[in-house]
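Trainee: this is a predicted model, with the sequence first.
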Amino acid sequence: MTQGSTNLRKPLLVVGHGLRSAPALQIAEAASGLCDILWLIDESVGDNAITARLLRKLGTVVNVAGLSPEEIVSAVRAHSPDGVVTYRDEDIVLISLIAAELGLDYQSPEVAWRLVDKFLQREAFRKGGLPTPLCWEVPVERDLAAVEALAAVVDFPAVLKPRSGSGGQYTMPVSDAVDLVRQVAMLPPPAGGTTGMFVEQYMPGLPTSSSERFGDYVSVESLVAGGRIGHLAVTGRFPLAQPFRETGFFIPADLSQAQQAAVLEVATAALRALGVRTGGFHTEIKLTPDGPRVLEVNGRLGGVVPEMLWQASGESLMRLSMRIALGQAVDLDGPIPCSKVGWVFLFQPPASARRFVSIDGLDRLAELPGVNTVLLNRDPGDPIDLWDGTRHYIYSVSGVSPDYDGMLEIDRFLNEEVTVVYE
């Protein structure tokens with residue numbers, strides 16, 4: 001009887017969750033019939049206490065608020081999990097510590113720190129033989145004299161950015177030494193968090209397509225199992241809004257076979273340089289006059305990537321990542337064939353905008369062929385904060401088209417038929 005009950009037990013997967021995680025219902029759907037979920041969430045942060053009520057309907061919850069890493073490991077150990085995974089940057093180091101203590105397959109804590117710290121990544125890329133831009137740490141105290149001394153040695157133009165973070169938050173171009181000193185002085189206290197800021201040389205880009213509607217960088221969506229690397233999709237981008245705010249993504253990217261091969265080769269080299277072992281990875285790569293260059297590697301799936309790949313191919317990247325976390329065999333040969341183009345648009349306010357006033361046309365947008373969801377991200381009267389980067393978009397639209405022309409027709413409608421008023 002006891003043995004039979006054990007055989008009927010589903011595998012248990014630890015999933016880190018919180019602000020900026022993939023939606024809980026999307027995660028639960030991917031896990032359906034595959035495994036049970038042990039959610040880790042800090043209920044003292046933001047609306048997480050409310051979110052935890054939903055999570056308790058979808059699995060078991062461990063509230064990590066106020067717990068030390070050792071206490072969290074002890075709480076998780078009591079449930080005897082079979083694997084660990086997270087879909088947000090903030091949990092990567094914690095998940096690595098849990099995995100190391102419980103003997104589960106994941107990144108080592110040392111590799112986890114490389115995945116969340118872009119400055120450490122640059123060092124690893126250089127040691128791994130990848131060409132990378134020069135970069136310099138910003139003094140943590142941001143003392144004027146120290147920043148001026150830094151500005152005297154930086155090669156411009158450059159980019160000021162946090163060592164940890166995503167979505168272009170607190171990321172700004174700097175044209176010369178005076179501009180760098182000014183930009184650092186303007187940084188709000190939270191910028192850079194506990195790891196701080198750094199500056200790196202700006203990399204000029206090439207267009208990914210003859211169409212001016214597409215951006216000059218892509219991302220590679222990869223799964224790694226026991227050190228074996230598989231690239232399952234390449235995501236295209238629309239041009240950035242100033243300064244570095246993302247305006248949309250699509251799968252598959254519009255690349256030639258030669259471009260795609262070169263991009264995948266660089267993604268493989270970047271993951272090997274970081275020493276990753278198991279999990280999902282999102283590697284952003286810029287197409288430059290000197291060839292593809294790594295912008296950064298994220299130690300989790302790209303935020304909207306699973307949705308787009310599902311629309312384009314019918315394959316669940318999130319479910320595949322869970323199977324790998326549980327030690328199951330997964331076919332890592334890719335990219336996955338796509339019969340359609342899955343896309344997500346993020347409509348960004350102009351850099352001059354200070355407040356969102358009103359919007360008209362979203363109701364007509366929802367009626368267009370291929371549009372699945374239209375979500376308003378700002379309320380009328382909300383202030384515009386460029387420091388918040390991509391996350392301060394006005395609205396998002398996601399869906400699927402038979403080809404790039406169909407997708408570009410949606411883009412045209414957004415820019416010509418939807419009216420947004422700002423102050």
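Mentor: The structure has been received and is ready for your questions.
Trainee: mind listing residues that contact stretch 40-52?
Mentor: Residues lying outside stretch 40-52 but in contact with it, judged by C-beta atoms under 8 Å, 6 or more residues apart in numbering, are 14-19, 24, 39, 55, 61-66, 72, 76, 91, 94. In short, each C-beta sits where N, CA and C put it, glycine included.
Trainee: make a ChimeraX selection of the buried ones in those residues.
Mentor: Buried residues within the contacts of stretch 40-52, by 16 or more other C-beta atoms under 10 Å, are selected in ChimeraX with:
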select :14,15,16,17,18,24,39,55,61,62,63,64,72,76,91,94
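Trainee: quick one: least confident helix or strand in the chain?
Mentor: In the chain, no helix or strand scores lower on mean pLDDT, DSSP states H and E than helix 2-8, which sits at a mean of 51.
Trainee: could I get the CA-only coordinates of stretch 180-194 as PDB?
Mentor: As requested, C-alpha coordinates have been extracted for stretch 180-194 and formatted as PDB (Å, rounded to 0.1, in the frame of the first residue of the first chain):
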ATOM      1  CA  LEU A 180      28.200  60.900 -17.500                       C
ATOM      2  CA  VAL A 181      28.800  63.000 -14.400                       C
ATOM      3  CA  ARG A 182      25.400  64.700 -14.900                       C
ATOM      4  CA  GLN A 183      23.600  61.400 -15.400                       C
ATOM      5  CA  VAL A 184      25.100  59.800 -12.300                       C
ATOM      6  CA  ALA A 185      24.200  62.800 -10.200                       C
ATOM      7  CA  MET A 186      20.600  62.500 -11.400                       C
ATOM      8  CA  LEU A 187      20.200  58.800 -10.500                       C
ATOM      9  CA  PRO A 188      17.600  58.300  -7.800                       C
ATOM     10  CA  PRO A 189      18.800  56.500  -4.600                       C
ATOM     11  CA  PRO A 190      17.300  53.100  -5.500                       C
ATOM     12  CA  ALA A 191      19.200  52.900  -8.900                       C
ATOM     13  CA  GLY A 192      21.600  50.000  -8.900                       C
ATOM     14  CA  GLY A 193      20.200  48.400  -5.800                       C
ATOM     15  CA  THR A 194      22.800  46.500  -3.800                       C
END
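Trainee: mind listing what's buried along it?
Mentor: Buried, per 16+ other C-beta under 10 Å, within stretch 180-194: 180-181, 183-184, 187, 191-192.
Trainee: most widely separated two among those?
Mentor: Greatest spatial distance among the buried residues of stretch 180-194 (C-beta to C-beta): 181 and 192, at 16.1 Å.
Trainee: just the helices in the stretch 151-300 of the chain please.
Mentor: For the stretch 151-300 of the chain, the helices identified by DSSP state H, counting those that start in this stretch occupy 177-186, 257-274, in order along the chain.
Trainee: what's the answer for the stretch 1-150 of the chain, then?
Mentor: Secondary structure of the stretch 1-150 of the chain (DSSP H, counting those that start in this stretch): helices located at 2-8, 24-31, 48-58, 69-77, 92-102, 109-116, 118-127, 144-151.
Trainee: redo those as CSV? Include distance to residue 312.
Mentor: Conversion of these to CSV gives the following (distance: least, C-beta to C-beta, whole Å):
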stretch, distance to residue 312
helix 2-8, 36
helix 24-31, 16
helix 48-58, 27
helix 69-77, 35
helix 92-102, 27
helix 109-116, 26
helix 118-127, 29
helix 144-151, 44
